[in-house]
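Engineer: I would like the atomic coordinates for the input below:
(one chain, ligands or ions: 2)
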Amino acid sequence: DALANQIAAGEVVERPASCVKELVENSLDAGATEIRVSLEEGGIAAMVVQDNGHGMDPDDAVLAFARHATSKVRSARDLFKIATLGFRGEALASIAAVARVRLETRPRGSESGIVVQVEGSRQTAPPAPVGMPEGTRIEVRDLFFNTPARLKYLRSVTTEQARCLEVVQKAALARPDVAFVLETNGHVMFQSGGRGNLLEVAAAVFGAGEARQMLSVEGATPDYRIHGLIGRPTQARASRAHAHLFINDRPIRNYALHQAVMAGFGARLMTKRHPMYVLYLQMDPALVDVNIHPHKAEVRFSEERDVARVVQDAVQRALDEAFL
Ligand code: ADP
Ligand code: MG
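Structural biologist: Ligands and ions are numbered 1, 2, ... in the order given. As a prediction, the model looks like this:
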């Protein structure tokens, strides 16, 4: 029912950026190699996420808006080794509860697409065929049109837009093999080539000058692999905003691992400074639990000290090699 949906939506959709994050994750889960995000008024007035992923069959396109409709977790056992970013089946239902959504999708190999329109959890028109390229296009208009209290809580267009940019940049760093474009009111604000080249993506995110100075990190133990880039001590910042950590291609936040990076820098880092980094950890999904928060950013490790050790050692080694 509509009210329950609105309440639950608060968990998933706080602001345009959380919407962008969910839609982009769905595109990635659909195997997209090109994802275009377009914003009007920081995403508050409208956002469009278009991908070239595998699309949805007409039945699935309608079902996608039902709460707990997920095509991704088939059994309780699956939950322990989730490879997809989404698994709760809540995002589309939540977004559609608090916005006007137009979903167009065309599965690979199908002759045409289908359009489904939902406003505040209600379908406003019967699903109809539509001409479109293969993939999925989701348009979200008038976010929070039916929940004025939440609309009031949003910040300025500039701030909301900046948060959307952060989300897209993080996704681009997570997946250098996927081409991302972010445009705002028709202007390209960010673009990544999708050629799988980390340095190239780092240049797009941090600027070419910064990226060129960064140091390469590599490390492995039987259970963990780490690679990526760290900024030099002189590139350290006053905030953690340029610290990016990914586990099995998923952006995460984990204070212990941020501390481990800092420990790897040791005395090379000035106090109150945070290093720039883009680090990727690969590990057996059984050793990490991503299921502790709806935003799925916080993780827990079964062997946190081992993970921290791998991170610290790899960072320290990269710095030792650069400054011997
Ligand atoms: P979840 O991602 O947790 O499964 P969502 O509410 O985000 O739940 O999406 C519901 C379902 O809609 C997904 O399981 C997927 O089958 C389908 N879906 C959503 N977005 C896309 C997309 N861009 N391409 C293909 N399928 C999609
Ligand atoms: Mg999802």
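Engineer: just give me the neighbour total for the closest residue in space to Q191 that isn't next to it in sequence.
Structural biologist: When the adjacent residues along the chain are set aside, Q191 lies closest to V181, with 5.2 Å between them (Cβ to Cβ, 6 or more residues apart in numbering). Yep, even glycine has a C-beta here, placed from its N, CA and C like the rest. The local packing count at V181 equals 18, with neighbours defined by other Cβ atoms under 10 Å.
Engineer: you'd agree V181 is up against V37?
Structural biologist: Yes - under the criterion of Cβ atoms under 8 Å, V181 makes contact with V37 at 7.0 Å.
Engineer: OK, contacts around the nearest residue to E160 once chain neighbours are set aside?
Structural biologist: Computed as Cβ to Cβ, 6+ apart, the closest residue to E160 that is not its neighbour in sequence is G42, at 3.5 Å. Neighbour list for G42: P16, S156, V157, T158, T159, E160, Q161, C164, T184 [criterion: Cβ atoms under 8 Å, 6 or more residues apart in numbering].
Engineer: switch to 6 Å and redo it
Structural biologist: Neighbour list for G42: P16, V157, E160, Q161 [criterion: Cβ atoms under 6 Å, 6 or more residues apart in numbering].
Engineer: one more: V48?
Structural biologist: S38, E139.
Engineer: can you list the strands that the longest strand along the chain pairs with?
Structural biologist: In the chain, taking DSSP state E as the definition, the longest strand is strand 122-130. Based on DSSP bridges, the strands next to strand 122-130 in the sheet, each with its direction, are strand 113-119 (antiparallel).
Engineer: the partner strand and ligand 1 in contact?
Structural biologist: No - using Cβ under 6 Å from any ligand atom, strand 113-119 stays clear of ligand 1, with a minimum separation of 10.8 Å.
Engineer: can you list contacts of that strand?
Structural biologist: Residues lying outside strand 113-119 but in contact with it, judged by Cβ under 6 Å, 6+ apart, are 58, 61-62, 65, 96, 100-106, 124-125, 127-130, 132.
Engineer: how about stretch 183-197 as PDB, C-alpha atoms only?
Structural biologist: Coordinates of the C-alpha atoms in stretch 183-197 are reproduced here as PDB (Å, rounded to 0.1, in the frame of the first residue of the first chain):
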ATOM      1  CA  GLU A 183      25.200  15.600 -17.600                       C
ATOM      2  CA  THR A 184      23.500  18.300 -15.800                       C
ATOM      3  CA  ASN A 185      20.900  20.500 -17.600                       C
ATOM      4  CA  GLY A 186      22.400  19.300 -20.900                       C
ATOM      5  CA  HIS A 187      26.100  19.900 -20.100                       C
ATOM      6  CA  VAL A 188      28.600  17.000 -19.600                       C
ATOM      7  CA  MET A 189      29.900  17.300 -16.100                       C
ATOM      8  CA  PHE A 190      31.900  14.100 -15.900                       C
ATOM      9  CA  GLN A 191      32.800  11.400 -18.300                       C
ATOM     10  CA  SER A 192      34.900   8.200 -18.000                       C
ATOM     11  CA  GLY A 193      36.100   6.200 -21.000                       C
ATOM     12  CA  GLY A 194      35.100   2.700 -20.000                       C
ATOM     13  CA  ARG A 195      38.400   1.300 -21.300                       C
ATOM     14  CA  GLY A 196      39.300  -0.400 -18.100                       C
ATOM     15  CA  ASN A 197      42.200   1.900 -17.500                       C
END
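Engineer: what comes up buried for it?
Structural biologist: Counting neighbours by 16 or more other Cβ atoms under 10 Å, one finds that the buried residues in stretch 183-197 are E183, T184, M189, F190, S192, G193, G194.
Engineer: before we move on, what about stretch 213-233?
Structural biologist: Residues 214-215, 217, 219, 224, 226-233 are the ones in stretch 213-233 that count as buried (16+ other Cβ under 10 Å).
Engineer: and which of those is nearest to R240?
Structural biologist: Set against R240, the nearest of the buried residues of stretch 213-233 by Cβ to Cβ is G231 (12.4 Å).
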